[in-house]
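**Q** Sequence and predicted structure are below.
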Amino acid sequence: MSDHKHIEKIKPEILLLLAREVLDQSVEFKYISGIQPFFMSFNNEEFFVYIKNISSAYFTDRDQTTRAQLPIKKEFEVAKNSDKPFIFLGYDGANDVYVCWNYHIVKQRLNISKSVSFYSRTFFQSEVKEGEFNRRQLKNGDIPVLFKRSNLIEFFKNVHSFFPDDNLDDLEVKIDLQIEDLEEKFSEFLRDVKNLSNELNVYYCNVLNGPVTNIIAKYFYKDITSFYQIIRRSELNRLQIDLTSTPEYKNLNEIERSIYISVLTSYIEFFSNMMENKSDCQKQVADVDFKSDKKLECITDFDLLTKLKPYVESNRLLSAAQILGEHYKNQYPSMQFKDWMELINEIKI
């Protein structure tokens, strides 16, 4: 069981004091205002910084997964509309370690949902040594930096080298996919759309993230550890062609009676559908999401949609509307119950 399920949370003001205990040792640091988030400067550059306790993610089958969550805060809107970097640090008090996620991505996810999770692993945090900055890639493609609290000054000296400003288009794709657990969503697709049995569903997922990933790592992307790290449709389409020319893949596909081709085709179909749905919804958001009367016109939170779907399927629409209204509580004061119901009625079963 994860030790992080039993660690007492550190209060926000104490998290600030723990950071300042180190930062105050540098003449380049200047505290400006706030608690969590707080505003500071380092080497004449200003930053918004938000530190949150790391806790267990409470996944029954992934006990070593930890997370830090972004809530909704009025102060975040100021940071989001600013050109200053927003540094999100998860603090592991058991190991006196910080986990920092890509601040370009974090900033664009501020206030988009009631809670936005960023993930890590207990064993990543426990293996950090004094003076080291560890990079660890997660299944969702995120690559956080982990370091001891005592190295906070060195972190701010090098913060921009850890997270270069990626191509914006690529960044938007990464932001979208961080909201998803692709493996779980693909399994749901196989179950709900392809109507596969539980046994065949598990087999498809194991093939994709086992033998297929191994072949890709051997011939195409040597550093890949999970198929779900491939987050661009163009790469998937190219791999679909390239894999068929690989003897190992062809041989396994023949042995398994074309199962391997079926698995890859199903995944590309799932991924394409997901990206098209997100693209359509993003266009709606860009056009009409935040009108002058501040009404929500499109539900873009995939986890929320997943939560609402069983209620819609069983025709418990009033309950679904109540859940939706509570989720976005106080964000859209002009929204009435009929407005939430209209959004619920637009959810496709």
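**A** Perfect, thanks for sending it.
**Q** Please make it C-alpha for all contacts and neighbour counts, starting now.
**A** Fine.
**Q** need the longest strand for the protein.
**A** For the chain, the strand with the greatest residue count under DSSP state E is strand 45-53.
**Q** where along the stretch 101-250 of the chain do the strands fall?
**A** Shown for the stretch 101-250 of the chain, the strands assigned by DSSP state E, counting those that start in this stretch span residues 116-121, 133-135, 145-148.
**Q** so which of those strands is the most packed in?
**A** Comparing the strands of the stretch 101-250 of the chain by mean neighbour count (mean count of other CA atoms under 10 Å), strand 145-148 comes out on top with a mean of 24.
**Q** how about the longest strand of the chain: buried residues?
**A** E46, F47, F48, V49, Y50, I51, K52, N53 (16 or more other CA atoms under 10 Å).
**Q** Ignoring the adjacent residues along the chain, who's closest to the first one?
**A** Distance criterion CA to CA, 6 or more residues apart in numbering; nearest residue to E46, sequence neighbours excluded, is M40 at 5.7 Å.
**Q** Count the residues that sit near that neighbour.
**A** When neighbours are defined as other CA atoms under 10 Å, M40 has 17 of them.
**Q** What of K80?
**A** 18.
**Q** what does K11 give?
**A** By other CA under 10 Å, 11 other residues sit near K11.
**Q** How much space separates it from K73?
**A** To K73, K11 is 17 Å away according to CA to CA, to the nearest Å.
**Q** Same question for E183.
**A** 30 Å.
**Q** same check, this time on K107
**A** The value you get for K107 to K73, if CA to CA is used, is 13 Å.
**Q** Okay, E269 and L196: tell me how far apart.
**A** 15 Å.
**Q** more neighbours, the two?
**A** Higher neighbour count among E269 and L196: L196, with 16 against 13, using other CA under 10 Å.
**Q** That one - nearest residue in space that isn't next to it in sequence?
**A** Spatially, and ignoring its direct neighbours in sequence, L196 is nearest to L190 (5.8 Å; CA to CA, 6+ apart).
**Q** residue contacts, that neighbour?
**A** Each residue near L190 by CA atoms under 8 Å, 6 or more residues apart in numbering is listed here: L196, N201, S266.
**Q** next one: T244
**A** Shown in contact with T244 (CA under 8 Å, 6+ apart): K250.
**Q** Kindly report the same for the one 4 residues further on.
**A** With CA under 8 Å, 6+ apart as the criterion, the residues that contact E248 are I215.
**Q** N209 reaches Q229, doesn't it?
**A** No - between N209 and Q229 there is no contact under CA atoms under 8 Å: 10.2 Å.
**Q** coming back round to it: just send the strands of the stretch 101-250 of the chain back as TSV, with mean pLDDT and distance to W101 too.
**A** Output for the strands of the stretch 101-250 of the chain, formatted as TSV (pLDDT from 0 to 100; distance: least, CA to CA, whole Å):
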stretch	mean pLDDT	distance to W101
strand 116-121	87	8
strand 133-135	90	10
strand 145-148	95	7
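**Q** Which of these sits closest to I215?
**A** I215 sits nearest to strand 133-135 of all the strands of the stretch 101-250 of the chain, at 24.4 Å, using CA to CA.
**Q** chain center to the closest one, what's the gap?
**A** From the chain centre to the centre of strand 133-135 is a distance of 19 Å (CA atoms, centre = their mean, to the nearest Å).
**Q** same thing with stretch 44-60?
**A** Once both centres are worked out by CA atoms, centre = their mean, stretch 44-60 turns out to sit 13 Å from its chain's centre.
**Q** cool, and stretch 190-207?
**A** Relative to its chain's centre, stretch 190-207 lies at 24 Å (CA atoms, centre = their mean).
**Q** one step back: wait, which of the strands of the stretch 101-250 of the chain is closest to K309?
**A** strand 116-121 (19.7 Å).
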